[in-house]
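Novice: Pasting the sequence and the predicted model now:
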Amino acid sequence: MENKKIIEINGIKMEVDLRHAKRIDEFHVGDKVKILVQGYGNDYRSYAGVIVGFDAFENLPTIIVAYLKVEYNSAEILYAHINGTEENKKKYELVHINDAHELYFNEDDVTKHMDREIAGAEEKLRELKMKKNYFMEHFNKNFQTV
């Protein structure tokens, strides 16, 4: 009985042989999901995401997932293209998120991370513009053509 399980579907009880059972999930655009992503080697991390599209390619149908990677000083939105290739099966795993019990990030924390990154990029842009202006004022005269 260790390989068999009794399940009930629409009031009908069935005994299922788990050695031959298949898991079938139904996903829709907009579904909240957890995605397990392989990093370097055997380092796997779980992230919160949302299904943003399906590419119905004839030879390799693909699920597109946008997921949020929040780290100590950054928050970025990444995309995973999940399909049936052997390499892809090793790199990603996808399951539905259980809203009642899952809390992956706080909206305020994520927006603070992103605001800090925006401020840093704006400061870098300001510095680059100042350097260009300095170059144009002080060095450009050395490169004038006759």
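Specialist: Ah, there it is.

Novice: okay, CA-based contacts and neighbour counts for the rest of this
Specialist: OK.

Novice: burial measure for the closest residue to Leu94 other than its chain neighbours, as a count.
Specialist: Spatial nearest neighbour of Leu94, chain neighbours left out: Ile35 (4.7 Å); criterion: CA to CA, 6 or more residues apart in numbering. Neighbours of Ile35 under the rule other CA atoms under 10 Å: 24.

Novice: Quick check, pLDDT for Ile35.
Specialist: Predicted confidence (pLDDT) for Ile35: 90.

Novice: try Thr111
Specialist: Confidence per residue is given as pLDDT, and for Thr111 that number is 83.

Novice: circling back to that earlier point, OK, contacts around the residue nearest to Leu94?
Specialist: For Ile35, the contact set (CA atoms under 8 Å, 6 or more residues apart in numbering) comprises 46-49, 67, 92-95.

Novice: switch the cut-off to 6 Å
Specialist: For Ile35, the contacting residues are 46-47, 93-94, by CA atoms under 6 Å, 6 or more residues apart in numbering.

Novice: which residues pair with it across the strands?
Specialist: With DSSP bridges as the criterion, the beta-bridge partners of Ile35 are Tyr47, Leu94.

Novice: Please enumerate the strands of the protein.
Specialist: If DSSP state E is used as the criterion, the strands of the chain fall at 4-9, 12-17, 32-38, 44-55, 62-71, 74-82, 92-96.

Novice: could I get those strands as TSV with distance to Glu26?
Specialist: TSV is the format used below for the strands of the chain (distance: least, CA to CA, whole Å):
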stretch	distance to Glu26
strand 4-9	16
strand 12-17	20
strand 32-38	12
strand 44-55	12
strand 62-71	12
strand 74-82	14
strand 92-96	9
